[in-house]
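Trainee: I'd like to go over a predicted model; first the sequence, then the structure.
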Amino acid sequence: MKVNKIFIFFMSMFLVLMVGCSNGIKNEGNKIVVEKQINSSDKYELYNEVKDSKEVQNAKNILNSIKWQNAKVNMVRRADYTFHFEDTNGKQKSNGIIYALWISPDKDKIELVIDSEGKYVQLDKEKSEKLFKIIIGKDLSET
């Protein structure tokens, strides 16, 4: 009886810690699908698919480490790129998070928006360069 109470206590503490440490954004799927804006229009076309599991995990780690701001933003132009996570069988994950990505005018930082959740962030130069390299496949300064 005493062992059961101890087990239940530790399981409860584990669950509380797991929920408390979560930032609320789940990045599921084992590939990243990237779309690029077509000629400053509101249309996007498939640009890149990141299937390397190490690179996908690196992108997830960066996105999960971000301190997102709760904000509804109105950008002056449409996003340069959008991306989301999918299973390799082509099914977008049920959470349906689509990230919109803008390149700063100085081409040294990126801004991300999750419109459906009202989240915004401007990444520092280091994280911008790393995430852009993973998702787009080239250096941020080359755009």
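Mentor: Sure, I can see it.
Trainee: can you give me the end-to-end distance of stretch 108-119?
Mentor: 21 Å (C-alpha to C-alpha, to the nearest Å).
Trainee: so where do the strands sit in this structure?
Mentor: Per DSSP state E, the chain carries strands over the ranges 31-37, 44-50, 69-70, 81-86, 99-103, 110-114, 119-122.
Trainee: in TSV, list these along with mean pLDDT and mean neighbour count.
Mentor: The way it works is simple: take the backbone N, C-alpha and C, and place the C-beta from them, glycine included. Shown next, in TSV, are these (pLDDT from 0 to 100; neighbours: other C-beta atoms under 10 Å):
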stretch	mean pLDDT	mean neighbour count
strand 31-37	96	19
strand 44-50	96	14
strand 69-70	96	10
strand 81-86	96	21
strand 99-103	97	21
strand 110-114	97	20
strand 119-122	96	17
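Trainee: now for those, which one comes closest to Glu129?
Mentor: Closest to Glu129 of the strands of the chain is strand 110-114 (C-beta to C-beta; 8.8 Å).
Trainee: for Tyr47, see how far away the residue most central in space within the chain is.
Mentor: The residue lying closest to the centre of the chain (C-alpha atoms, centre = their mean) is Leu63, at 4.6 Å. According to C-beta to C-beta, to the nearest Å, Leu63 stands 18 Å off from Tyr47.
Trainee: equivalent analysis for Asp115, please.
Mentor: 19 Å.
Trainee: what do you get for Val34?
Mentor: For Val34 relative to Tyr47 (C-beta to C-beta), the value is 5 Å.
Trainee: just checking, Gln79 touches Trp102?
Mentor: Just so we're on the same page, residue 79 is Ala rather than Gln. Yes - with contact defined as C-beta atoms under 8 Å, Ala79 counts as touching Trp102 (5.6 Å).
Trainee: find residues that contact each of the two.
Mentor: Val113 (C-beta atoms under 8 Å, 6 or more residues apart in numbering).
Trainee: so where's the chain uncertain?
Mentor: 1-27, 90-95 (pLDDT under 70).
Trainee: how about 50 then?
Mentor: 7, 9-24, 94 (pLDDT under 50).
Trainee: for it, just list every one of the helices.
Mentor: Counting by DSSP state H, the chain has helices at residues 2-21, 53-65, 125-136.
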